[in-house]
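J.: Okay, here's the prediction I keep looking at, along with the sequence it came from:
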Amino acid sequence: METTKTDETVQYLTFSLDEEVFAIDVAKVREILDYTQAMRVPGAPEFMRGIVNVRGNVIPVVDMRLKFGMSKTERTVNTCIVVMEVDVEGETTVLGALVDSVQEVFELEHGHVEPPPKMGTRWRTQFIKGIGKRNDHLIIILDIDMVFSLDEMTQVERSRIAAKTMTAEETAAAA
């Protein structure tokens, strides 16, 4: 007989986009960076703001507001980049997600997560794991691995490789 633990807890990192609060499993998060101007990559998808150098690694930065059909993220004192690992069809890509602000890390029991609504949301429900509740506020819990399609992640990876090549060529030209 199979039993399901309803008292399991998961830690989530919450961040805001516009007036909405979203959460992702903290196990997907590598680090949080202050806002850094990303270098634009020609031919990249619209939601990809560019690339940044993080301790010698080229990291693509995506604007989560654009990805979710909102207006472009505007820089404020709270704007930051959440560096995370995204798995799409067995391939792991590290990317930076540009968000309005990071709020907190908190634990939520599995039993306190409601399934995503069937209608009435402005986002596709296939990348919503569920709806959590914290201090009487609803939080949209994302399945970050489902937010980006394989085609989008392929475009992001191509842009990262092209930028890395471009950066190496620019460095060689300057030498």
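T.: Sure thing, it's come through. Values in this document were obtained by computation on a predicted structure and should not be read as measured data. Residues are numbered from 1 along each chain as shown.
J.: Near residue 72, how many other residues are there?
T.: 11 (other C-beta atoms under 10 Å). For glycine as for every other residue, the C-beta is placed from the backbone atoms N, C-alpha and C.
J.: hang on, it is in a helix, isn't it?
T.: No: counting by DSSP: H, G, I helix; E, B strand; the rest coil, one finds residue 72 to be coil, located in no helix.
J.: doesn't residue 64 make contact with it?
T.: No: judged on C-beta atoms under 8 Å, residue 72 makes no contact with residue 64 at a distance of 10.8 Å.
J.: now residue 21: how far from residue 107?
T.: When distance is defined by C-beta to C-beta, to the nearest Å, residue 21 is 16 Å away from residue 107.
J.: Between these two, point out the one with more neighbours.
T.: Using other C-beta under 10 Å, the more surrounded residue of residue 21 and residue 107 is residue 21, with 18 against 10.
J.: contacting residues for the more buried one?
T.: 14, 15, 103, 137, 138, 139, 140 (C-beta atoms under 8 Å, 6 or more residues apart in numbering).
J.: ok, now residue 12?
T.: The neighbours of residue 12, taking C-beta under 8 Å, 6+ apart as the test, are 23, 24, 25, 26, 105, 106, 107, 108, 132, 139, 141.
J.: Assign it to helix, strand or coil.
T.: Per three-state DSSP, residue 12 ends up strand.
J.: which residues of this structure score low on pLDDT?
T.: 1-7, 119-125, 156, 159-175 (pLDDT under 70).
J.: Next, name the residue at the spatial heart of it.
T.: For the chain, residue 97 is the residue whose C-alpha lies nearest the centre (C-alpha atoms, centre = their mean; 4.2 Å).
J.: mind pulling up the phi and psi values for the residue nearest to that residue when sequence neighbours are not counted?
T.: The shortest distance from residue 97 to any non-neighbouring residue, by C-beta to C-beta, 6 or more residues apart in numbering, is to residue 82 (4.6 Å). For residue 82, the backbone dihedrals (degrees, to the nearest 10) come out as phi -100, psi 110.
J.: count of residues packed around residue 82?
T.: Counted with other C-beta under 10 Å, residue 82 comes out at 21.
J.: For it, give the beta-bridge partners.
T.: Per DSSP bridges, the residues bridged to residue 82 are residue 32, residue 97.
J.: how about residue 146, secondary structure?
T.: helix.
J.: which residues does it contact?
T.: Counting by C-beta under 8 Å, 6+ apart, residue 146 touches 126, 127.
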